[in-house]
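model this:
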Amino acid sequence: MPHPLLIVSLAALIGAVIAGVGAYKVRDVNRWPTAEATVTHAEVRLAEAQRHQRERDDQQRRYLAVLRFEATIDGRRIQSDNAGFDGVPSFTRQEDADAYIADYPVGSVVRVRYSPRKPELMHVGNASLPWGRIGLAGFLLVASLGAFALFSFKT
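Numbering: from 1, shown residues only. All right, here's what the predicted structure looks like:
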């Protein structure tokens, strides 16, 4: 059976590659075509974290600003949400999440960027890079290299 550090290193490397590929697929977000979309749903939700027996309620709460919208792209009516690009925006204060949602009332028309390869993947708001995916890929790559270095040092 392979050494546990090799398994950790390989698993983290696979995760880094998956996150990196996800970030690579949306690298051109600033050049994606735009369309007008209608906001069909807007809500603030308390993020549900898995709680373990040892955890206490003193964890910082996160509030998710969930938007759903639909647009007509190339003659097709497409529904999407604000989770597909880099995750739903989350806030530590409900007031901040409410303020974000207030900018997108139900029925309003917003400009979205959509992936030419997969129009269901839309981005609302300012053009940006998927920093969450890039950060995850970097973290997992460092974890993979660290586990492999530890394995190499121990053997």
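
Go through the longest helix along the chain and flag the buried ones.
Using DSSP state H to define each element, the chain has its longest helix at helix 131-154. When burial is assessed from 16 or more other Cβ atoms under 10 Å, helix 131-154 yields the following buried residues: 133-134, 136-137, 140-141, 143-144, 147-148, 151. C-betas here are computed from N, CA, C, even on glycine.

do stretch 9-21 as well
9, 12-13, 15-16, 19-20.

Give me the contacts around it.
Contacts to stretch 9-21, defined as Cβ atoms under 8 Å, 6 or more residues apart in numbering, come from residues 133-134, 136-141, 143-145, 147-148, 151.

JSON lines please, covering those residues and showing pLDDT.
Rendered in JSON lines, the data for these read as follows (pLDDT from 0 to 100):
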{"residue": "133", "pLDDT": "79"}
{"residue": "134", "pLDDT": "86"}
{"residue": "136", "pLDDT": "89"}
{"residue": "137", "pLDDT": "90"}
{"residue": "138", "pLDDT": "92"}
{"residue": "139", "pLDDT": "94"}
{"residue": "140", "pLDDT": "93"}
{"residue": "141", "pLDDT": "93"}
{"residue": "143", "pLDDT": "92"}
{"residue": "144", "pLDDT": "92"}
{"residue": "145", "pLDDT": "92"}
{"residue": "147", "pLDDT": "90"}
{"residue": "148", "pLDDT": "90"}
{"residue": "151", "pLDDT": "87"}
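
nearest to residue 71, of the residues you listed?
Proximity of these to residue 71 (Cβ to Cβ) peaks at residue 133, which lies at 23.2 Å.

Leaving out sequence neighbours, find the closest residue to that closest one.
In space, not counting the residues next to it along the chain, residue 133 is nearest to residue 23; the distance is 4.0 Å by Cβ to Cβ, 6 or more residues apart in numbering.

again, but for residue 61
In space, not counting the residues next to it along the chain, residue 61 is nearest to residue 46; the distance is 6.3 Å by Cβ to Cβ, 6+ apart.
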